[in-house]
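Peer 1: here are the coordinates; sequence isn't available:
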């Protein structure tokens, strides 16, 4: 009986290992909840005090002193006391721990100890944020879903684009109905152009008008000209298109006022105008001036028109997606005013701290620090905001240029005609002649 029981036990163990490997590959979330989380939670609980002592997270308690008659009685020797932590709380592919800081402690010490926590808990990474004064939130991720971002599932909605995957493992979605306007910052080869290509491929099959403004001669957005209702390749053309959009927006206001509604989404389908998504590539080209009167006038016009679209466009179905390598107050006060209207923010790797601060600084200081830590090897990785006001690291799905161009051509027949924009460009050409 003994050998048979031993063989049976080995067989059961082998099957458990095989099933565990299958669950890990095909249902990683289930594998994490059943096996990964319990083990990691035990590591957090049993290693916390040691890790806190080794990384200067503990403080020494002052020994108590008392009087016994005329004698001074000393207490115990100094003893280091680790900060109080909550029990690890499971997330989809990681866990979170809340730490209550001792008096005088700052989150900076915990940020410096993030790598030590990662090794002690045997996880992929530990992010440190401070949701409120006196508290630190440690977010551990078991694996790196951004290493090979696949396509998570997400509901298909009008003006919604599945961009990639969040660090939590969930879908990264840009929903223009929830967050009407977006600011995207990123240096050369950081993944900004790939994200714009992905956005266009997601919006191309939808009944929306895409308008491109690419003042670099149309090198980027010109590839998708077949699906664009209009394309501006210089600042003069941008002024003409933006002016026509403002006029069209006023017509939409009149239609809403006549119907007694506050947005085009309350209009009947037969009366609702087509939604418009304006994609601006390299915002600095619209704001920079060479000092001449004409150049300065064009820059001021662009600033005013973009701000009007951002302030009034959400309820009228006009949406802005503004991208640039550099976004700073040195471009003028108009950029700062525009940024305040762009609720959605995406920051890839940037070349200067000011751009990261301009993109995310007014929302969350922790997000700025995480964005500045993105390396050149992490192409497509960005810090993005969510509709709930929070933020996360994310990575866009790699969409080859050929695939994006083919998708735009495939859906070229769906391109809505915006006559006002065509007339504006035609009038501009007539003036040149």
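Peer 2: That came through, no problem. Small disclaimer: the values here were computed from a predicted structure and weren't measured.
Peer 1: remind me which residues of the chain are low pLDDT?
Peer 2: 1-28, 61-78, 145, 147-155, 430-433 (pLDDT under 70).
Peer 1: in it, which residue is closest to the centre?
Peer 2: Per Cα atoms, centre = their mean, the C-alpha nearest to the average position across the chain is that of residue 384, at 1.2 Å.
Peer 1: next one: stretch 292-306 to chain centre, how far?
Peer 2: In terms of Cα atoms, centre = their mean, to the nearest Å, the centre of stretch 292-306 is set 30 Å apart from its chain centre.
Peer 1: buried ones in that stretch?
Peer 2: By neighbour count on 16 or more other Cβ atoms under 10 Å, the buried set for stretch 292-306 is 298, 299, 301, 302, 303, 304, 305, 306. Every C-beta, even on glycine, is put in place using the N, C-alpha and C of the backbone.
Peer 1: do stretch 247-265 as well
Peer 2: 248, 249, 252, 255, 256, 264.
Peer 1: And stretch 352-362, by the same measure?
Peer 2: 355, 356, 357, 358, 359, 360, 361.
Peer 1: Show me the contact partners of it.
Peer 2: 183, 185, 325-329, 335-336, 339-340, 345-347, 350, 367-368, 371-372, 383, 385, 391 (Cβ atoms under 8 Å, 6 or more residues apart in numbering).
Peer 1: Narrow those residues to those in strands?
Peer 2: The strands, defined by DSSP state E, take in 183, 185, 345, 346, 347, 383, 385, 391 from the contacts of stretch 352-362.
Peer 1: which ones are touching residue 318?
Peer 2: Under the criterion of Cβ under 8 Å, 6+ apart, the contact list for residue 318 reads 245, 248, 249, 252, 275, 276, 278, 309, 312.
Peer 1: Can you tell me which of those is nearest residue 213?
Peer 2: residue 278 (6.8 Å; Cβ to Cβ).
Peer 1: Show me the beta-bridge partners of the closest one.
Peer 2: With DSSP bridges applied, residue 278 shows beta-bridge pairing to residue 211, residue 320.
Peer 1: thought it was touching residue 309?
Peer 2: Yes. With contacts counted by Cβ atoms under 8 Å, residue 278 reaches residue 309, the gap being 6.8 Å.
Peer 1: where do the contact lists of the two overlap?
Peer 2: 242, 245, 318, 320.
Peer 1: circling back: kindly reformat the contacts of residue 318 as CSV containing secondary structure and distance to residue 202.
Peer 2: Formatted as CSV, the contacts of residue 318 follow (DSSP: H, G, I helix; E, B strand; the rest coil; distance: Cβ to Cβ, whole Å):
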residue, secondary structure, distance to residue 202
245, helix, 22
248, helix, 24
249, helix, 24
252, helix, 24
275, coil, 14
276, strand, 16
278, strand, 16
309, helix, 21
312, helix, 25
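Peer 1: can you tell me which of these lies nearest to residue 87?
Peer 2: residue 275 (46.5 Å).
Peer 1: Which residue ranges of the stretch 251-400 of the chain form helices?
Peer 2: 284-287, 293-312, 333-341, 353-360, 365-372 (DSSP state H, counting those that start in this stretch).
Peer 1: Let me know which of those helices is the nearest to residue 191.
Peer 2: helix 365-372 (12.6 Å).
Peer 1: Give me the contact list for that closest one.
Peer 2: 111, 127-130, 347-350, 353, 356-357, 359-361, 382-383, 385, 391, 393.
Peer 1: of those residues, buried ones?
Peer 2: By 16+ other Cβ under 10 Å, these give 111, 127-130, 347-350, 356-357, 359-361, 382-383, 385, 391, 393 as buried.
Peer 1: I'd like to know how far residue 367 sits from residue 394.
Peer 2: 12 Å (Cβ to Cβ, to the nearest Å).
Peer 1: Okay, residue 167 and residue 92: tell me how far apart.
Peer 2: As judged by Cβ to Cβ, residue 167 and residue 92 stand 10 Å apart.
Peer 1: what about the two, which has more around it?
Peer 2: Ranked by neighbour count (other Cβ atoms under 10 Å), residue 167 and residue 92 place residue 167 first, with 23 against 15.
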